[in-house]
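S.K.: sequence first, then the predicted structure, then my questions.
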Amino acid sequence: MNESKCPVEVTPRIARWRIENIEACFWHQSKPFEIGRWNWHLSVEKNKQIIIRLFPQASTFAKERPPIASFVIRVFYFTGRRRQILHLEVCRRKLRDSSDFMWAIDPGLSGKVIIDVEFFDLKAAGVGEPVSIWGSNRLPDAIVPTISALRQLLADGAFTDITINTSDGTTAAHRAILAARSPVFCSMFSHNLKEKELATVDVTDMSTASFNAFLQYLYGFIKIEEFIPHRMPLLHAADKYDVDDLREACEASLAEDVGRGNVFVRLQNAHLYRLQTLKSACMKYLVEFGRIYDLHDELITFLRNADRELVVLVVQEVLAAWKGD
């Protein structure tokens with residue numbers, strides 16, 4: 001066996017393995033790479049056909065909680081200066097060892113080959129109903145010693161002293177908590193502004209559901225099932241009310257599951273809110289891993305509607321990647 005000297009390049013959902021000369025050995029195996037909760041290997045075996053395998057590295061966790069993976073695997077190879085692509089989409093395949101996924105392709109490939117795996121979903125089997133790992137393993141760091149009492153105060157509406165008017169209703173909160181967690185709220189309630197005099201705050205750019213999720217974060221007991229679907233309005237609220245820890249939590253979570261269905265929206269929000277980590281994750285997905293060429297309609301919409309400065313940045317990155325190739 002020949003273990004490739006080239007490490008596998010990864011984002012949270014994509015792995016890319018470059019083999020400089022596929023003819024050099026009958027069996028190539030990648031170095032281990034981490035995606036989700038597992039370390040993985042790719043391997044290539046040359047016989048009558050070329051066999052590509054994808055499998056988790058042996059471990060106690062992989063044995064007890066094997067991954068159930070949905071992914072597309074692509075093979076890029078070159079005939080002269082022309083790049084060719086083979087691809088295969090796999091849905092809900094349980095991967096326990098190297099025998100669970102094998103893809104036989106043309107044995108005539110030679111020279112440089114790139115194997116690219118993009119995971120659409122990963123679930124852990126073994127205990128109860130498998131659920132997607134993405135968005136299920138990162139809770140915002142918002143724990144406070146009095147979490148139980150604060151949860152009860154908000155749930156009961158006990159001693160609330162401020163009314164929040166949202167876009168579709170009202171909710172109530174405690175000024176002291178809002179002021180302690182947000183310098184913007186603190187300023188509102190410390191000066192003779194209308195919010196202090198009327199004991200109301202108008203938040204017409206958020207729904208009641210989204211603002212309640214915001215309150216749950218400020219009070220310290222938000223659950224992941226509330227956090228994930230409200231990440232974008234929570235990011236807006238974090239920026240508007242200057243809650244830095246929430247802003248960081250939203251950016252980290254959004255960067256974890258950048259994919260074809262959200263990358264352009266997230267790129268625009270990363271630009272709007274000056275989120276460099278999220279912007280880098282989006283640009284890496286689009287340019288470094290070449291997914292911009294698969295999203296023609298979405299790209300046209302983005303070019304027509306996005307901020308001009310951001311459009312120029314994307315075009316410059318694409319041109320730089322071309323020159324680099």
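M.R.: Sure thing, it's come through. All values derive from a computational prediction rather than experimental measurement. Numbering: from 1, shown residues only.
S.K.: ok, now how distant is the residue most central in space within the chain from residue 73?
M.R.: Centroid check for the chain by C-alpha atoms, centre = their mean gives residue 257 as the closest residue, at 1.7 Å. Using C-beta to C-beta, to the nearest Å, one gets 19 Å for the distance from residue 257 to residue 73. Bear in mind the C-beta positions are built from the backbone N, C-alpha and C, glycine included.
S.K.: same check, this time on residue 319
M.R.: Relative to residue 73, and taking C-beta to C-beta, residue 319 is found at 28 Å.
S.K.: can you check residue 260 too?
M.R.: Distance, residue 260 to residue 73, using C-beta to C-beta: 15 Å.
S.K.: same check, this time on residue 248
M.R.: For residue 248, the distance to residue 73 (C-beta to C-beta) stands at 34 Å.
S.K.: phi, psi for the closest residue in space to residue 294 that isn't next to it in sequence please.
M.R.: Residue nearest to residue 294 in three dimensions, not counting chain neighbours: residue 260, with 7.0 Å by C-beta to C-beta, 6 or more residues apart in numbering. When quoted as degrees, to the nearest 10, the phi and psi of residue 260 stand at phi -60, psi -30.
S.K.: what sits against residue 260?
M.R.: 291, 294-295, 298 (C-beta atoms under 8 Å, 6 or more residues apart in numbering).
S.K.: for the chain, just list every one of the helices.
M.R.: 60-64, 147-156, 175-181, 183-190, 194-198, 208-219, 224-227, 231-240, 244-256, 263-272, 276-283, 296-305, 308-324 (DSSP state H).
S.K.: ok so, going back, the more surrounded of residue 248 and residue 73?
M.R.: Ranked by neighbour count (other C-beta atoms under 10 Å), residue 248 and residue 73 place residue 73 first, with 20 against 15.
S.K.: where's that one relative to residue 37, distance?
M.R.: 20 Å.
S.K.: now do residue 103
M.R.: In terms of C-beta to C-beta, residue 103 sits 24 Å off from residue 37.
S.K.: just to revisit the earlier point, would you mind measuring from the residue nearest to the centre of the chain to residue 176?
M.R.: 35 Å.
S.K.: equivalent analysis for residue 151, please.
M.R.: Counting by C-beta to C-beta, the gap from residue 151 to residue 176 is 16 Å.
S.K.: likewise residue 106?
M.R.: In terms of C-beta to C-beta, residue 106 sits 69 Å off from residue 176.
S.K.: just residue 182 next, same as before
M.R.: To residue 176, residue 182 is 12 Å away according to C-beta to C-beta.
S.K.: try residue 41
M.R.: For residue 41 relative to residue 176 (C-beta to C-beta), the value is 54 Å.
S.K.: out of these two, which sits in the busier spot?
M.R.: residue 41 (19 against 14).
S.K.: and that one, bridged to which residues?
M.R.: Per DSSP bridges, the residues bridged to residue 41 are residue 55.
S.K.: residues touching it, list them.
M.R.: 29-30, 32-33, 53-57, 98 are the contacts of residue 41 under C-beta under 8 Å, 6+ apart.
S.K.: of those residues, closest to residue 187?
M.R.: Nearest to residue 187 among these: residue 33, at 47.4 Å, using C-beta to C-beta.
S.K.: could you pull out the buried residues of stretch 314-325?
M.R.: Residues of stretch 314-325 classed as buried by neighbour count (16 or more other C-beta atoms under 10 Å): 314, 317-318.
S.K.: same thing with stretch 165-173?
M.R.: Across stretch 165-173, burial judged by 16+ other C-beta under 10 Å covers 166, 171, 173.
S.K.: let's see which of these end up in strands.
M.R.: 166, 171, 173 (DSSP state E).
S.K.: kindly present the residues you listed as CSV, with separate columns for pLDDT.
M.R.: Formatted as CSV, these follow (pLDDT from 0 to 100):
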residue, pLDDT
166, 96
171, 95
173, 94
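S.K.: for those residues, give me TSV that also has distance to residue 226.
M.R.: Listed next are these as TSV, based on distance: C-beta to C-beta, whole Å:
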residue	distance to residue 226
166	16
171	14
173	16
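S.K.: residues near residue 51, how many?
M.R.: Using other C-beta under 10 Å, residue 51 has 17 neighbouring residues.
S.K.: nearest residue to residue 183 in space, please, no chain neighbours.
M.R.: residue 242 (5.1 Å).
S.K.: contacting residues around that neighbour?
M.R.: 182-184.
S.K.: most neighbours, which of the residues you listed?
M.R.: residue 182 (21 neighbours).
S.K.: phi and psi next, for that one.
M.R.: The phi/psi pair for residue 182 (degrees, to the nearest 10) is phi -140, psi 120.
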